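> structure, please.
(one chain, ligands or ions: 1)
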Amino acid sequence: MKAVEVKKDIYWTGVKDWNLVDFHGHLTPHHTTYNSYVIMDEKITIVDGAKITLSDEMIERVKTVVDFSKVSYIVVNHVEMDHAGNLPELLKLAPQAKIITNLAAKMGLEEHFDTSSWEFIIIRTGDEISIGKRTLSFYPTPMLHWPDSMVTYCKEDKILFSNDAFGQHVCDNTIFASELPMDVVIAEAKRYYANILLPYGSQAEKALGVVEKLELDTIAPGHGCVLQGDEIKQMFAAYNEWDSVENKGSAVVVYDSMWHSTEKLAEAVKSAFDDLSIPVKKICLRDIHYSQAIIEIMDAKYVAVGTPTLNNEIYPSVVAFLTYMKGLNPKNKVGFAFNSFGWKDGVAAKVQDYFTALNWQTLEPFAIKYNPKCDGLNKIKEHLKKQIG
Ligand code: FEO
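Numbers count the residues shown, from 1 in each chain. Prediction:
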C-alpha cells in the first residue's frame with residue numbers, strides 16, 4: 001500500500017490491476033497499472049487519477065504521503081476513465097484542489113461528471129505553473145490518443161509525466177523498468193502502441209519531436225514502468241520506428257477455418273512467402289487474438305487474410321479482425337485475400353474491400369470451391385508468387 005518515491009519528494013501513488021487481461025478489447029497478458037503521482041512542494045500536486053474500481057487503493061496510497069486537505073492541484077493529463085474515473089472521489093477529499101488541464105479536457109470532464117463545483121486552471125501549450133521549488137509546464141498532445149491528451153513536465157527534476165504516451169501494460173512488483181527485462185518493457189510498449197496509438201502515428205511523431213527536446217532523466221507514464229536514463233533513449237528509438245510508415249518487408253497470414261480448407265490455403269500462402277524468402281508469420285484467429293495479429297501487422301508489408309464463406313459472408317472471427325484492423329488504420333501494406341467457399345463465390349472481394357478502405361495496394365484475390373486439393377494448393381502458391389516475385 002505504500003507510495004514509492006520516484007525522485008526526491010515525487011511519489012508514485014498509482015494502482016495495480018493484477019487481474020486485467022482485456023483492456024477495452026485488446027489482450028493484456030502482463031496486466032496493467034494506472035499510475036498517479038504526488039509532488040510534495042509548497043503547492044502539493046497530484047498528477048492523474050485512477051480507474052474508479054481501484055480508487056480506494058489509490059486514495060490509501062496517497063494518504064501514506066499527504067493528507068488530502070493539503071493538496072492544491074490535481075493535474076488531469078487525460079480524460080479517459082482509466083486515469084480520470086476517480087476524480088470525483090479525489091475532489092470529495094480535496095475540494096479545495098484546483099484542476100489543471102487543457103480546454104478539451106475540461107469539456108470532456110464536463111461530459112462525464114457534474115463539474116459545477118470544480119475549479120479549473122486551463123493551460124495552453126508551454127504554459128508554466130510554479131508549485132514552489134518546482135515549475136510544471138504542459139504540452140497538449142491532441143489525438144495521442146484523445147483530443148484532451150497532454151503531458152506534464154517538471155524541468156527542475158527533468159521528469160515527464162507522459163500519461164498514455166510511452167505507457168506499457170505491465171504490472172509487476174516493481175514500478176521501475178530498470179528492475180525488469182527491458183525487452184519485455186519495449187515489447188509491451190509495442191503492444192500498447194499497436195492497439196491504441198497506431199492510428200495516430202503522425203501525432204505521436206509530432207509529440208515525440210516536442211518531448212525529445214526536453215531535458216529528461218525520468219519518464220513517469222500513466223501505465224506500466226517508470227523509465228530512467230538510457231531506457232528513455234531506447235523507448236524514443238522504438239517510438240521513432242513505430243511512428244514511421246516504413247515496414248520491414250515481412251508478411252503475416254491471418255485466417256480462420258471451418259473445415260480446414262482455408263487452413264490448408266493459409267499454409268500454402270505461408271509456404272509461398274517462404275519460397276520467396278519473405279519472413280512470414282501465420283496467425284489462426286481461433287487460437288490467437290486479433291490484438292496480437294496487429295503487432296505483427298505493424299512490421300509487415302504483406303497482409304494475407306483468409307476466410308471461409310459462412311452464409312455468403314466473411315467468417316465472423318475474420319470480420320471482427322478486419323473491423324478492428326480497419327479502425328487502427330495500419331498504413332503502407334499490400335493486402336491479399338483468399339477464400340474457400342461452398343457454392344457461391346464472392347467473399348474474397350468483401351475482404352478486399354477492407355484493404356481498399358485502408359488505401360492499401362492489393363493483390364488479385366484467390367478463391368477456391370470446397371477443399372483445395374494438391375492442385376488447388378499449388379495454384380494459390382503460383383498465383384501469389386507470380387504477383388510478388
Ligand atoms: Fe490510459 Fe487513453 O487511457
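> which residue sits closest to residue 302, ignoring its sequence neighbours?
residue 251 (3.8 Å; CB to CB, 6 or more residues apart in numbering). (Glycine included, C-beta is placed from N, CA and C.)
> what helix or strand is the one you found on?
strand 250-255 (DSSP states H and E).
> any idea how far that strand is from the middle of the chain?
On the basis of CA atoms, centre = their mean, to the nearest Å, strand 250-255 sits 21 Å off its chain's mean C-alpha point.
> check which element follows it along the chain.
helix 261-275.
> so what touches that following helix?
Helix 261-275 has contacts (CB atoms under 8 Å, 6 or more residues apart in numbering) with 251, 253, 255-257, 279-280, 282, 284, 302, 304, 306-308, 315, 336, 338-340, 366, 368, 370-372, 376-378, 380-381, 384-385, 388.
> report the residue ranges of every domain in this protein.
Domain assignment for the chain by automatic domain parsing gives 4-243, 250-388.
> for the ligand, which of those is the nearest?
domain 4-243 (3.6 Å; CB to the nearest ligand atom).
> return the distance of the closest one from the chain's centre.
The answer for domain 4-243 is 14 Å, by CA atoms, centre = their mean.
> and that domain, end to end?
32 Å (CA to CA, to the nearest Å).
> near the ligand, anything from that domain?
Yes - for domain 4-243, a contact with the ligand is found by CB under 6 Å from any ligand atom, at 78, 80, 82, 83, 145, 146, 164, 222, 223.
> pull the number of nearby residues for the nearest residue to residue 322 once chain neighbours are set aside.
Spatially, and ignoring its direct neighbours in sequence, residue 322 is nearest to residue 354 (4.6 Å; CB to CB, 6+ apart). Residues contacting residue 354 under the criterion other CB atoms under 10 Å number 21.
> check which helix or strand residue 354 maps to.
Assessed by DSSP H and E, residue 354 sits inside helix 347-357.
> same check, this time on residue 30
Residue 30 belongs to no helix or strand when assigned by DSSP H and E.
> could you point out the longest strand of the protein?
strand 300-310 (DSSP state E).
> show me what it is packed against.
strand 250-255, helix 261-275, helix 316-328, strand 334-341, helix 347-357 (3 or more CB pairs under 8 Å, 6 or more residues apart in numbering; DSSP states H and E).
> quick one on the thing from earlier: paired strands for the strand holding residue 251, with orientation please.
strand 280-284 (parallel), strand 300-310 (parallel) (DSSP bridges).
> could you dump these into CSV and include distance to residue 46, mean pLDDT and mean neighbour count?
Formatted as CSV, these follow (distance: least, CB to CB, whole Å; pLDDT from 0 to 100; neighbours: other CB atoms under 10 Å):
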stretch, distance to residue 46, mean pLDDT, mean neighbour count
strand 280-284, 42, 98, 19
strand 300-310, 42, 98, 25
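> output the ones you listed in JSON lines; the columns should cover distance to the ligand.
As requested, these are exported to JSON lines (distance: least, CB to the nearest ligand atom, whole Å):
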{"stretch": "strand 280-284", "distance to the ligand": "26"}
{"stretch": "strand 300-310", "distance to the ligand": "26"}
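> and the nearest residue to residue 236 once chain neighbours are set aside, what are its phi and psi?
Spatially, and ignoring its direct neighbours in sequence, residue 236 is nearest to residue 212 (6.1 Å; CB to CB, 6+ apart). Torsion angles at residue 212 (phi, psi; degrees, to the nearest 10) stand at phi -70, psi -20.
> count the neighbours of residue 212 for me.
When counting by other CB under 10 Å, one arrives at 13 neighbours for residue 212.
> wait, it touches residue 237, no?
No - applying CB atoms under 8 Å as the test, residue 212 and residue 237 come out as separate, 10.6 Å apart.
> report the mean confidence score over stretch 154-163.
Taken as a whole, stretch 154-163 carries a mean pLDDT of 98.
> helix or strand with the lowest mean pLDDT in this protein?
Least confident helix or strand of the chain, by mean pLDDT, DSSP states H and E, is helix 201-211 with a mean of 89.
> related to what we said a few turns ago, can you name the residues bridging to the residue nearest to residue 302?
Beta-bridge partners of residue 251, as defined by DSSP bridges: residue 280, residue 302.
> count the residues that sit near it.
27.
> again, but for the one 3 residues further on
Neighbour count for residue 254, taken as other CB under 10 Å: 27.
> and the residue nearest to residue 236, what pLDDT?
93.
> then residue 360?
So residue 360 comes in at 98 (pLDDT).
> check residue 243 too.
88.
> give me the neighbour count for the nearest residue to it once chain neighbours are set aside.
Excluding the flanking residues, the one nearest residue 243 by CB to CB, 6+ apart is residue 205, at 4.1 Å. Other residues within reach of residue 205 by the criterion other CB under 10 Å amount to 16.
> what sits against the residue nearest to residue 322?
305, 322, 325, 326, 335.
> can you select the buried ones among the residues you listed for me in PyMOL?
What follows is the PyMOL syntax selecting those of those that are buried according to 16 or more other CB atoms under 10 Å:
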select buried, resi 305+322+325+335
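> ok, residue 218 - contacts?
Residue 218 touches 6, 7, 157, 158, 159, 160, 226, 227, 228, 232, counting by CB under 8 Å, 6+ apart.
> could you look up the SS state of the third one?
In three-state terms, and counting by DSSP: H, G, I helix; E, B strand; the rest coil, residue 157 is coil.
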